[in-house]
Every structure is written in C-alpha cells, then in structure tokens.
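Asks: this one's sequence-less:
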C-alpha cells in the first residue's frame, strides 16, 4: 500500500486494485540523460565543423581585395619574386599568423598560415594556398595539403 501523496490508485479490469507511484523511475531518467549526451556529442562535432568552415571562408574573403593588384604586378614582372611588394602589408586576421607569396608547384600562390591559437583545432598552424590563375584569366585556384576537404569551400575541394 502507498501512503505517499504521489501515489495513484488504478483499478484493473478484473476488479483488483493496485498502487502505482507517480513520476519517473531511475532507469527512465538514465535513458533520457544518455540520449541527451549522445545528441550533445553529435552537435559539438557538427558545430566544430561549421566553425572551421567559417574561418576558412573568412580567409578566402581576405584575398579578394588583393587579387587585381597581384595579377597586375604578376603581368608586369612575370615572376613571383617581387609580388610580396604588391601586398604592401601582411594580410592578417585573428585567424591568420602570416601571409606570403611563394612559388608553389611552379605557380605563384598566396600562402596563408593559420594561427596556432584562437582558431579551430583542425586548422591550427596549417596552410591554404590561393594560386594566381594561369594566363591571368579565369578563377583563382585554392588548395590545401594540410586541411581536410570537408572544411574547405566547394571552390577549393578536389583541386
């Protein structure tokens, strides 16, 4: 018999009376906590992916103001040697440790190196390259040997 105020009386079809306690059992609460934990783990991984992609996209946007200037300089010089002068200043943000122009695989490229701190852990101290287009027309190529394809914008994947 239940003498507590949270007990309910239920009458069975066969005329018997049973007592049931109102509320949740420990196992029900444990199952709910486990499900919430699994969902939180999935959400955290997805969130980190979105943050990394957003940080890469910001870096991709950083090169936009310099594209025309770099192409003009490259068309005059026909080499990568003096292109750092075209930048005038180092392109840097809270995510970028340094930027430089280098000859990567025979192509003039702007190389961004991500910070070791204040950036998503999948990007720390890794490089992304933006190459001046061949023939000075067409789209800029971007690639990274360090960063997983899933964090790169579609325009950089598979290059």
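Replies: Now that the structure is in, tell me what you want to look at. If you're wondering where the values come from, they're calculated on a predicted model, not measured in any experiment.
Asks: so what pLDDT did the residue nearest to the spatial centre of the chain get?
Replies: Residue closest to the mean C-alpha point of the chain, counted by C-alpha atoms, centre = their mean, is residue 52 at 1.7 Å. On the pLDDT scale, residue 52 is placed at 93.
Asks: does it count as helix, strand or coil?
Replies: helix (DSSP: H, G, I helix; E, B strand; the rest coil).
Asks: From residue 104, how far out is it?
Replies: Residue 52 is 22 Å from residue 104, where distance means C-beta to C-beta, to the nearest Å. Where you see a C-beta, it was placed from the backbone N, CA and C, and this is true even at glycine.
Asks: Hmm, residue 142 and residue 127 touching each other?
Replies: No: using C-beta atoms under 8 Å, residue 127 makes no contact with residue 142, being 11.1 Å away.
Asks: Between those two, which has more neighbouring residues?
Replies: The neighbour comparison of residue 127 against residue 142 (other C-beta atoms under 10 Å) goes to residue 142, with 22 against 19.
Asks: OK, contacts around the more buried one?
Replies: Contact partners of residue 142, counting by C-beta atoms under 8 Å, 6 or more residues apart in numbering, are 60, 128, 129, 130, 131, 152, 153, 155, 156, 159.
Asks: between those, which is closest to residue 98?
Replies: Of all the contacts of residue 142, the one sitting nearest residue 98 is residue 128; the distance, using C-beta to C-beta, is 12.1 Å.
Asks: For that closest one, what is the enclosing helix or strand?
Replies: Per DSSP states H and E, residue 128 falls inside strand 127-131.
Asks: Pairing partners for that strand, with directions?
Replies: strand 107-114 (antiparallel), strand 141-143 (antiparallel) (DSSP bridges).
Asks: winner for burial among those strands?
Replies: strand 107-114 (a mean of 21; mean count of other C-beta atoms under 10 Å).
Asks: could you pull out the strands for the protein?
Replies: 7-11, 17-21, 96-104, 107-114, 127-131, 141-143 (DSSP state E).
Asks: which secondary structure elements does the third one contact?
Replies: Helices and strands touching strand 96-104, as assessed by 3 or more C-beta pairs under 8 Å, 6 or more residues apart in numbering; DSSP states H and E, comprise helix 26-62, helix 83-87, strand 107-114.
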